[in-house]
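**Student:** Sequence below, structure please.
(2 chains)
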There are 2 protein chains.
Amino acid sequence: MTSEIPAELSRLRSSIDNLDAALVHLMAERFKCTQRVGELKAGLGLPPADPDREAEQIRRLRGLAEESQLDPEFAEDLLGFIVGRVVRNHEAIARDIG
Amino acid sequence: MTSEIPAELSRLRSSIDNLDAALVHLMAERFKCTQRVGELKAGLGLPPADPDREAEQIRRLRGLAEESQLDPEFAEDLLGFIVGRVVRNHEAIARDIG
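**Tutor:** As a prediction, the model looks like this:
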């Protein structure tokens, strides 16, 4: 490992750090939404997961990924990772309410 | 499953869809940065992964997650998921250049 970091690498890392801060805030806001969705679903007796809705989300995000030159496989995997956590949260909310 | 979706659930889903579109564009921009980082590292003979840098990123993002009421464990897992993909890309770039 070298102790000298080229200026361009430093600049890129600074941009990555800014994007990651935005990512955290975006996810915080998304989980606020899904927390409330979980409460609504549990109150209505709806199941925590919704395969039709998820299939539509995947289709749409893959399209957006292609438009913005992001690997659509990665976009789908990332959504799957996030939704997996959301469904576990919804199951916990349903258990608490039920 | 019911065919009637309450208005509040529809509103929340619309917000989630907007946040997910922002997420895809954020990730597209992040991968543009890491693609160039991978090229720079490969050109300089630096290893694809950088444990010191990653530890610092995790520490910072956990702090930001706490401030914004996002589960810090989730923030760390999400970064790990993204960085895992980035490191695989960097390894591929290093193979192509090397």
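**Student:** Can you tell me which residue is spatially central in chain A?
**Tutor:** Centroid-nearest residue in chain A, with C-alpha atoms, centre = their mean: A:I82, separated by 4.2 Å.
**Student:** mind listing the strands for chain A?
**Tutor:** Using DSSP state E, chain A contains no strands.
**Student:** what stretches of chain A score poorly on pLDDT?
**Tutor:** Scanning chain A for pLDDT under 70 picks out A:1-4, A:98.
**Student:** Please enumerate the helices of it.
**Tutor:** Ranges of helices in chain A, per DSSP state H, are A:7-44, A:51-67, A:72-97.
**Student:** Which among these is found nearest to B:L64?
**Tutor:** helix A:7-44 (4.5 Å; C-beta to C-beta). No exception for glycine: its C-beta is placed from N, CA and C like everyone else's.
**Student:** hang on, the earlier thing: in JSON lines: the helices of chain A, plus distance to B:D52.
**Tutor:** Formatted as JSON lines, the helices of chain A follow (distance: least, C-beta to C-beta, whole Å):
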{"stretch": "helix A:7-44", "distance to B:D52": "12"}
{"stretch": "helix A:51-67", "distance to B:D52": "31"}
{"stretch": "helix A:72-97", "distance to B:D52": "25"}
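**Student:** what's the closest of these to B:V24?
**Tutor:** In terms of C-beta to C-beta, the element of the helices of chain A nearest to B:V24 is helix A:51-67, at 4.5 Å.
**Student:** For that closest one, which outside residues touch it?
**Tutor:** A:71-72, A:74-76, A:79, A:83, B:1, B:13, B:17, B:20-21, B:24-25, B:27-28 (C-beta atoms under 8 Å, 6 or more residues apart in numbering or on different chains).
**Student:** Okay, buried residues for it please.
**Tutor:** By 16 or more other C-beta atoms under 10 Å in any protein chain shown, the buried positions in helix A:51-67 come out as A:57-58, A:60-62, A:64-65.
**Student:** what's the closest of these to B:L9?
**Tutor:** Nearest to B:L9 among the buried residues of helix A:51-67 is A:Q57, at 14.4 Å by C-beta to C-beta.
**Student:** ok, A:S68 - contacts?
**Tutor:** Going by C-beta under 8 Å, 6+ apart, A:S68 touches B:24-25, B:28.
**Student:** These also near chain A: which ones?
**Tutor:** With C-beta under 8 Å from any C-beta of the partner chain as the criterion, these include B:24-25, B:28 near chain A.
**Student:** quick one: which of those is most hemmed in?
**Tutor:** The most crowded member of those, judged by other C-beta atoms under 10 Å in any protein chain shown, is B:V24 (24 neighbours).
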